[in-house]
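J.: Sequence below, structure please.
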Amino acid sequence: MPSRIRVVAAMIEKDGKYLITQRRPTATLPLLWEFPGGRVEEHETDEQALLRELKEEMEIAVEVRDRVIHVQHSYPHYDIDFRVYRCRLVSGSIQNGKVHDHRWVTPQDMDKYEFPAADEKTVALLLDLTN
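T.: Next up is the predicted model:
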């Protein structure tokens, strides 16, 4: 039976554009784009995980707001329990420390970027939310 991984991501909007990040070349699913975030560690809430991951990956602080998307997706060797939260950028200048690159993208331009399968579901739901 595949293991289940809980993952959280931030939907950060600025001037009608959303922050997406590119995975490093050495990461699982290399160079694909995603909403920033990461795994929830044992004894950690979704909010705590988002605050930690965004600080570690990009040196930014956010205010975590409401959960807007929850999808589950099965990959060949593991299942993802994926939750996306609306967040507000509070402080920090985005650094590409643990991400390969980042972009601010309009919902209409999201299809120009290749996302992992689980993230594709969230992009589709985001487009529904913004229409």
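
J.: Which residues does stretch 22-29 contact?
T.: 30-34, 98-103, 116 (C-beta atoms under 8 Å, 6 or more residues apart in numbering). Yep, even glycine has a C-beta here, placed from its N, CA and C like the rest.

J.: Quick one: end-to-end distance for it.
T.: 10 Å (C-alpha to C-alpha, to the nearest Å).

J.: Gln48: which of the contacts of stretch 22-29 is nearest?
T.: Lys98 (17.6 Å; C-beta to C-beta).

J.: that older thread, let's see which of the contacts of stretch 22-29 end up in strands.
T.: Per DSSP state E, strands hold the following members of the contacts of stretch 22-29: 33-34, 101-103.

J.: Leaving out the residues flanking it, which one is nearest to the residue nearest in space to the middle of the chain?
T.: Closest residue to the average C-alpha location of the chain: Phe35 at 2.6 Å, with C-alpha atoms, centre = their mean. What sits nearest to Phe35 in space, not counting adjacent residues and going by C-beta to C-beta, 6 or more residues apart in numbering, is Ala9, at 3.8 Å.

J.: all helices of this protein, in order?
T.: For the chain, helices defined by DSSP state H occupy the ranges 46-58, 117-130.

J.: Poorly predicted segments of the protein, please.
T.: Residues of the chain meeting the criterion pLDDT under 70: 1-2, 126-127, 129-131.

J.: hmm, back to that, pick the most deeply packed of the helices of the chain.
T.: helix 46-58 (a mean of 19; mean count of other C-beta atoms under 10 Å).

J.: Give the other helices and strands that that one contacts.
T.: strand 3-14, strand 37-39, strand 61-74, strand 78-91 (3 or more C-beta pairs under 8 Å, 6 or more residues apart in numbering; DSSP states H and E).

J.: okay, those in JSON lines with distance to Gln108 and mean neighbour count next?
T.: Formatted as JSON lines, the helices and strands packed on helix 46-58 follow (distance: least, C-beta to C-beta, whole Å; neighbours: other C-beta atoms under 10 Å):
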{"stretch": "strand 3-14", "distance to Gln108": "14", "mean neighbour count": "18"}
{"stretch": "strand 37-39", "distance to Gln108": "22", "mean neighbour count": "18"}
{"stretch": "strand 61-74", "distance to Gln108": "18", "mean neighbour count": "15"}
{"stretch": "strand 78-91", "distance to Gln108": "19", "mean neighbour count": "18"}
